[in-house]
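S.K.: A structural model of the following input is requested.
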Amino acid sequence: MLLSRRFGRLLPRLWHRRNFCKATEPKDSDAKRSQQLWDILVPERNWDFRSPFIPTMILAIAVLQYMISLKKVDVAERELEESKHLLEEKRARRAAQEAALEEKVA
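M.R.: Predicted coordinates for the structure are as follows:
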């Protein structure tokens, strides 16, 4: 019981000192490697206004916006043509119905 009290307090201190001296160098290198990996995988964190990717991204956004605006015009023209076609079909059906009614009456 007496030995466990003495060694119980002494052993964790010795173990900590021993491990602390050995572990400082690998932890630093591990931290550096982890930081390098993180910088590679998440590059946006390190971007600033001088980054070469920023003008590329702005150009890509502008091109995509231009393409979207062209597509909207095409879609609007197509919808206008479809509505005209449907209106003509509706008028033709109405004219056919009126002609059929006039034949029945006459």
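S.K.: CA only for contacts and neighbour counts going forward, please
M.R.: Noted.
S.K.: give me the secondary structure label for Arg50.
M.R.: At Arg50 the chain is in coil, as set by DSSP: H, G, I helix; E, B strand; the rest coil.
S.K.: phi and psi next, for it.
M.R.: The phi and psi values for Arg50, taken as degrees, to the nearest 10, are phi -90, psi 0.
S.K.: all helices for the protein, in order.
M.R.: 2-41, 53-105 (DSSP state H).
S.K.: go through the ones you listed and name the closest to Trp47.
M.R.: helix 53-105 (8.1 Å; CA to CA).
S.K.: circling back to that earlier point, quick one: the helices of the chain as CSV, columns for mean pLDDT too.
M.R.: As requested, the helices of the chain are exported to CSV (pLDDT from 0 to 100):
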stretch, mean pLDDT
helix 2-41, 67
helix 53-105, 90
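S.K.: need these in TSV (columns: mean neighbour count and distance to Trp47).
M.R.: Below are these laid out as TSV (neighbours: other CA atoms under 10 Å; distance: least, CA to CA, whole Å):
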stretch	mean neighbour count	distance to Trp47
helix 2-41	11	10
helix 53-105	12	8
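S.K.: quick check: domain ranges of this structure?
M.R.: 1-46, 49-106 (automatic domain parsing).
S.K.: centre of the chain to stretch 67-77, how far?
M.R.: Chain-centre distance of stretch 67-77: 24 Å, with CA atoms, centre = their mean, to the nearest Å.
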